[in-house]
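A.B. asks: Have a look; sequence and predicted model below, questions after that.
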Protein chains: 2
Amino acid sequence: MANPIDFYFDYSSPYGYFAAMKIDDFGSRHSRAVNWKPILLGAVFKVTGGRPLPTLPLKGDYAKHDMARSARFHGIEFKFPTQFPIATQAPARAFYWVNERDPVLARKLAKALYRAYFVEDRDISSPEVTADVAATHGWQRGELLAALSNPAVKDKLRSEVDAAIQLGVFGSPYVLIDGEPFWGVDRFDQMERWLKLGSY
Amino acid sequence: MANPIDFYFDYSSPYGYFAAMKIDDFGSRHSRAVNWKPILLGAVFKVTGGRPLPTLPLKGDYAKHDMARSARFHGIEFKFPTQFPIATQAPARAFYWVNERDPVLARKLAKALYRAYFVEDRDISSPEVTADVAATHGWQRGELLAALSNPAVKDKLRSEVDAAIQLGVFGSPYVLIDGEPFWGVDRFDQMERWLKLGSY
């Protein structure tokens, strides 16, 4: 089997959420495994000077409109959250902790966390809420809550974010296919072509 | 015939160039006229705090890579220009001046100016170069050169840019279809769906 695809995303990114709903199907169709890698855009923006899209003059209003329309375009449920953007340490740490134990369940949890935030309007920046979501997916609530403040888990996330920045990851979603970078759910058409032709 | 589509672009924008190579065909397929409207991203960025993509940390390197790849994806000739970005008053004024005289030729000139910059690597920020390009499309070089510093032509461009900013135009390409905004050549898929379904 060919190299896995690396899929970088932030839990506070609507376009990351849309990509998350599509990437596994994309991977299967091309016989590629997908490495899910939650990152923290806040840390990335310190390097790039970036800011959350909806906070920008003019562009911000358009972005909110485009997010809702893009959700309909892709046929994905979406409600712009009451709290936005949010810090995403809790869901990102939960993912990495679960992933070391069960990668298949980690992916299910990743999608459930995204849905909790972007469909059910639950504030997953809260460790309590993240633990609630994990509890409905078979994890011991208390054990997961403890993991979220475990120094080893914190270090794991920090080193994943640092590694991502080193690789040039500056946004969400960001996909690496054999080293070729694709930024945005609107690059799935180019990703498709890339895998079909081997490059272009 | 339904309302025309408004197509905003800056002559220094690679994605605007790609859109320019596609928009007339898109309009014809949907029986819509297209109003071409060159703007000045420099003036827009003063309002939005935006900066040219290739100058941004991390994002800049990706952007250059993505521009070249997107050109191949769309099957459009492209060479990243030696001078970039450039001031685009000269080609934008040339367009509006010609457009009042012959809208069909104005569109041909618009594409020729884009090709001069993004294929032939000619610095169209220079009135001389813009006049050279216009001269090969049937315009009197001296007359066009005079128009570029004509106060009425300058006012026309200024008022078009102001009007665009009032409408929320913050980037290039930016397309308005019956008031619905689409930013980026990567929204042509959504524009297509929008016109097919009447909305979605």
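C.D. replies: Nice, I can see it. Numbering: from 1, shown residues only, chains lettered A, B, ... in the order given.
A.B. asks: Return the residues in contact with A:Leu145.
C.D. replies: Listed by CB atoms under 8 Å, 6 or more residues apart in numbering or on different chains, the contact partners of A:Leu145 are A:Pro127, A:Glu128, A:Ala131. In short, each C-beta sits where N, CA and C put it, glycine included.
A.B. asks: Buried among those residues? Need that as a selection in ChimeraX.
C.D. replies: The buried residues among the contacts of A:Leu145 can be selected in ChimeraX (16 or more other CB atoms under 10 Å in any protein chain shown) with this line:
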select /A:127,131
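A.B. asks: Out of the contacts of A:Leu145, which is nearest to chain B?
C.D. replies: Using CB to the nearest CB, A:Pro127 comes nearest to chain B of those, at 29.8 Å.
A.B. asks: Quick one: the strands in chain A, in order.
C.D. replies: Remark: strands assigned in chain A by DSSP state E are A:5-9, A:34-38, A:174-177, A:180-183.
A.B. asks: Quick one: distance of the last one to the chain centre.
C.D. replies: The gap between where strand A:180-183 is centred and where its chain is centred comes out at 15 Å by CA atoms, centre = their mean, to the nearest Å.
A.B. asks: and if you look at the first one?
C.D. replies: Centroid separation between strand A:5-9 and its chain, computed with CA atoms, centre = their mean, is 8 Å.
A.B. asks: likewise the third one?
C.D. replies: Using CA atoms, centre = their mean, we find the averaged C-alpha position of strand A:174-177 to lie 12 Å away from the chain's own average C-alpha position.
A.B. asks: Who are the packing partners of that strand?
C.D. replies: When contacts are defined as 3 or more CB pairs under 8 Å, 6 or more residues apart in numbering or on different chains; DSSP states H and E, strand A:174-177 sits against strand A:5-9, strand A:180-183, helix A:188-197.
A.B. asks: if we can go back for a sec, relative to A:Ala163, which of the strands of chain A is closest?
C.D. replies: Nearest to A:Ala163 among the strands of chain A is strand A:34-38; the distance by CB to CB comes to 8.7 Å.
A.B. asks: I'd like the distance between the residue nearest to A:Val47 when sequence neighbours are not counted and B:Leu58.
C.D. replies: Of all residues not flanking A:Val47 in the chain, A:Ile165 sits nearest, at 5.7 Å (CB to CB, 6 or more residues apart in numbering or on different chains). From A:Ile165 across to B:Leu58, the span is 8 Å (CB to CB, to the nearest Å).
A.B. asks: Dump the strands of chain A into JSON lines; add distance to A:Ile23, mean neighbour count and mean pLDDT as well.
C.D. replies: Below are the strands of chain A laid out as JSON lines (distance: least, CB to CB, whole Å; neighbours: other CB atoms under 10 Å in any protein chain shown; pLDDT from 0 to 100):
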{"stretch": "strand A:5-9", "distance to A:Ile23": "5", "mean neighbour count": "24", "mean pLDDT": "98"}
{"stretch": "strand A:34-38", "distance to A:Ile23": "5", "mean neighbour count": "21", "mean pLDDT": "98"}
{"stretch": "strand A:174-177", "distance to A:Ile23": "7", "mean neighbour count": "23", "mean pLDDT": "98"}
{"stretch": "strand A:180-183", "distance to A:Ile23": "11", "mean neighbour count": "19", "mean pLDDT": "97"}
